[in-house]
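Engineer: Return a 3D structure for these sequence lines:
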Amino acid sequence: MTVHFTEEDMKEIRAAAYWRWAKDHPEEAAARLGCGLVTPEEKARAQERAKPRRRSWQNPGGNRTKRAQAHTRRIRRLG
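Structural biologist: The predicted structure follows:
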């Protein structure tokens, strides 16, 4: 099965990949930004998407909540 990305998707993907790379190569990235390879709005969008998602108390990410962990701990402790 082939997945087709729109041009807009490709921009996002390239920008995200670029920022992952840029974290490790700050000097080279600065030089490239001077050449205007990445537009400021692409930069802003990529940085926004690169931020780690906060796990909220309601647990949207699917990892076990503190409350669920506490229940397990209690069960184990009580035997």
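
Engineer: who's in contact with the single longest helix found in the chain?
Structural biologist: For the chain, the helix reaching the highest residue count under DSSP state H is reported as helix 7-24. Contacts to helix 7-24, defined as Cβ atoms under 8 Å, 6 or more residues apart in numbering, come from residues Phe5, Ala29, Val38, Glu42, Lys43, Arg45, Ala46, Gln47, Arg49, Ala50. All C-beta atoms are positioned from the backbone trio N, CA, C, and that covers glycine.

Engineer: Would you indicate which residues of the helix or strand following it are buried?
Structural biologist: As assigned by DSSP states H and E, the chain's next helix or strand after helix 7-24 is helix 26-35. Residues Ala29 are the ones in helix 26-35 that count as buried (16 or more other Cβ atoms under 10 Å).

Engineer: Pull the distance from the helix or strand following helix 26-35 to the chain's centre.
Structural biologist: Note on helix 26-35: by DSSP H and E, the next helix or strand toward the C-terminus is helix 40-50. Taking Cα atoms, centre = their mean, to the nearest Å, one finds the center of helix 40-50 at 11 Å from the center of the full chain.

Engineer: Likewise for stretch 67-79?
Structural biologist: 32 Å.

Engineer: Return the helix or strand in this protein with minimum mean pLDDT.
Structural biologist: Lowest on mean pLDDT, DSSP states H and E among the helices and strands of the chain sits helix 26-35, with a mean of 70.

Engineer: Which residue would you name as the spatial centre of this structure?
Structural biologist: Geometric centre of the chain, nearest residue: Ala50, 3.7 Å, by Cα atoms, centre = their mean.

Engineer: and that one, what pLDDT?
Structural biologist: Among the per-residue scores, Ala50 shows a pLDDT of 70.

Engineer: Over to Ser56?
Structural biologist: With respect to pLDDT, Ser56 scores 60.

Engineer: The one 3 residues further on now?
Structural biologist: Taken from the predicted model, the pLDDT recorded for Asn59 is 60.

Engineer: and what of the one 3 residues further on?
Structural biologist: For Gly62, the pLDDT comes out at 66.
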